[in-house]
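> Sharing a sequence plus its predicted fold:
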Amino acid sequence: MVELERKKLGELLGVINIKGYEGSITIPDYQRTYCWPEKNVILLMDDLLIKKHGNHSYHMGTIILNYSEKDIKKGWEIIDGQQRMVTLSLVLEALGDDTPSLLGEKFLSKRANEYIAYNKYLIKNFIDRQGWDNEEKKNKIITIRNNSSLDVLFLHNEPIDLAYTFFSAQNDRGKPLTDYELLKSHHLRYIPWEPQQMHLAQKCDRLLLTMKGKKGTTAFRL
């Protein structure tokens, strides 16, 4: 099954049911580290909270979800779009929305947790400066959930190679993944045992950070 649908953001933060395949969005271990920089977060909040209001719609591009049935854990793994979805969850949380499901995910990378902590700080300060009361924040949550949309490519019962092909092509059209990221996702998808997959993903990231420290190069892109 390959389905392309335009979905409201609010529809993606709970349980998704596409043709009977039900589950919440999860982040697979082979995904790249969450690393949205300050300028991207500020631009998103300015577009989402300041420029867009009332009944105006705000379209945020395409994400790719692949239905996974590994062991007892079933759900829609996010193949492309993690950076946007996590940041949107952080914005909603800062406004007082306690339901964004992606924030329940475990981010094992120290670098990812540092970015999340700093972006929480940025978002809180941005919202505090607006001086909105609780009612205004509640209205912002409703507007973001109902008026923000994404085109979602849903994959199920398709070879994982197909998901990887979509993942590579989607990023190749924009800011490309590094060779490291492509190789990492390519190889980790062949490891069937999740704890081993997680262990090797962390080991790869630690090795990359060590190399980055020695050479002064940046290996992550968005």
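Perfect, thanks for sending it. The shown structure was predicted, so the numbers you read here are calculated from the model rather than taken from an experiment.

> and the lengthiest strand in the chain, which strands flank it?
Scanning the chain for the strand with the most residues, using DSSP state E, yields strand 58-68. Applying DSSP bridges, strand 58-68 is found paired with strand 75-80 (antiparallel), strand 148-155 (parallel).

> Do a quick rundown of the strands in the chain.
2-8, 16-18, 21-23, 25-26, 58-68, 75-80, 148-155.

> which residues are in contact with the last one?
Residues outside strand 148-155 that contact it (Cβ atoms under 8 Å, 6 or more residues apart in numbering): 1-9, 12, 18, 21, 48, 57-67, 76, 79, 81, 84, 88, 162-163, 166. For every residue, glycine as well, the C-beta is placed using N, CA and C.

> What's the PyMOL syntax to select whichever of those residues are buried?
Applying 16 or more other Cβ atoms under 10 Å to the contacts of strand 148-155, the buried members can be selected in PyMOL as follows:
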select buried, resi 7+9+12+18+21+48+58+60+62+63+64+65+66+67+76+79+81+84+88+163+166
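
> Tabulate the strands paired with strand 58-68 (TSV), appending distance to residue 40 and mean pLDDT.
Formatted as TSV, the strands paired with strand 58-68 follow (distance: least, Cβ to Cβ, whole Å; pLDDT from 0 to 100):
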stretch	distance to residue 40	mean pLDDT
strand 75-80	16	86
strand 148-155	16	89
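
> any chance you could map the helices in this structure?
With DSSP state H as the criterion, the chain has helices at 9-12, 38-45, 82-95, 110-130, 134-147, 160-173, 179-188, 194-215.

> Quick one: find the helix or strand in this protein with the lowest mean pLDDT.
helix 160-173 (a mean of 50; mean pLDDT, DSSP states H and E).

> Quick check: end-to-end length of stretch 51-58?
Start-to-end span of stretch 51-58 (Cα to Cα, to the nearest Å) is 10 Å.

> just to revisit the earlier point, and among the strands paired with strand 58-68, the most buried is which?
Each of these was assessed for mean neighbour count using mean count of other Cβ atoms under 10 Å. The highest is strand 75-80, with a mean of 24.

> tell me the contacts of residue 136?
Under the criterion of Cβ under 8 Å, 6+ apart, residue 136 has no contact partners.

> does residue 8 really touch residue 142, like I thought?
No: if you go by Cβ atoms under 8 Å, residue 8 and residue 142 don't touch, sitting 11.1 Å apart.

> got any ranges where the protein has weak pLDDT?
Scanning the chain with the threshold set as pLDDT under 70 gives 29-32, 52-56, 70-73, 100-101, 103-104, 108, 157-222.

> beta partners for residue 152?
Bridge pairing for residue 152 (DSSP bridges) gives the partners residue 5, residue 63.

> Check the gap between it and residue 98 for me.
23 Å (Cβ to Cβ, to the nearest Å).

> swap in residue 12?
Distance of residue 12 to residue 98, computed by Cβ to Cβ: 16 Å.

> what number of residues lie near residue 113?
14 (other Cβ atoms under 10 Å).

> and it, what does it touch?
Neighbour list for residue 113: residue 107 [criterion: Cβ under 8 Å, 6+ apart].

> How about residue 120?
90, 93-94.

> at 6 Å what do you get?
The contact partners of residue 120, taken as Cβ atoms under 6 Å, 6 or more residues apart in numbering, are residue 90.

> how near is residue 147 to residue 9?
8 Å.

> Equivalent analysis for residue 26, please.
17 Å.
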